[in-house]
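J.: Starting from these lines, generate the structure:
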Amino acid sequence: MARAIWNGTVLAESDRTEVVEGNQYFPPDSIKAEYFQDSSTHTTCGWKGVASYYNIVVNGQTNKDAAWYYPTPKDAAKNIAGYIAFWKGVKVEA
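T.: Here you go, the predicted model:
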């Protein structure tokens, strides 16, 4: 069971993650949505497509753009469509 934890709080937990480029991608139904706020940030990956981001908010603290996902990835990354990955101090235990 993989978990994503930040600020002492479990943000996501699943035994159905996908690993891409060393990152655990969590299924959309495995995140605790109350900690996620849409961000206006977008980046582009040459083979995955355009990523969107979430700010993580726990106990009044915000971790800007700490989670990302590909809403409509390119064909090579279809297996992670909508799945969420983490960085910026979010600890992922696999």
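J.: give me every residue that touches the closest residue to Gly82 other than its chain neighbours.
T.: Residue nearest to Gly82 in three dimensions, not counting chain neighbours: Pro28, with 4.7 Å by C-beta to C-beta, 6 or more residues apart in numbering. C-beta here means a position set from N, CA and C on the backbone, and glycine is covered the same way. Counting by C-beta atoms under 8 Å, 6 or more residues apart in numbering, Pro28 touches Tyr69, Gly82, Tyr83, Ile84.
J.: Return the members of those residues classed as buried.
T.: Tyr69, Tyr83, Ile84 (16 or more other C-beta atoms under 10 Å).
J.: Could you point out the bridge partners of the first one in the sheet?
T.: Going by DSSP bridges, Tyr69 is paired in beta bridges with Ser52, Ile84.
J.: What distance do you get for it to Asn7?
T.: 20 Å (C-beta to C-beta, to the nearest Å).
J.: With the second one instead?
T.: Going from Tyr83 to Asn7 by C-beta to C-beta gives 22 Å.
J.: is it possible to export the buried ones among the contacts of Pro28 to JSON lines including pLDDT and distance to Ala33?
T.: What follows is those, written out as JSON lines (pLDDT from 0 to 100; distance: C-beta to C-beta, whole Å):
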{"residue": "Tyr69", "pLDDT": "98", "distance to Ala33": "13"}
{"residue": "Tyr83", "pLDDT": "98", "distance to Ala33": "14"}
{"residue": "Ile84", "pLDDT": "98", "distance to Ala33": "10"}
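J.: All good on my end, thank you.
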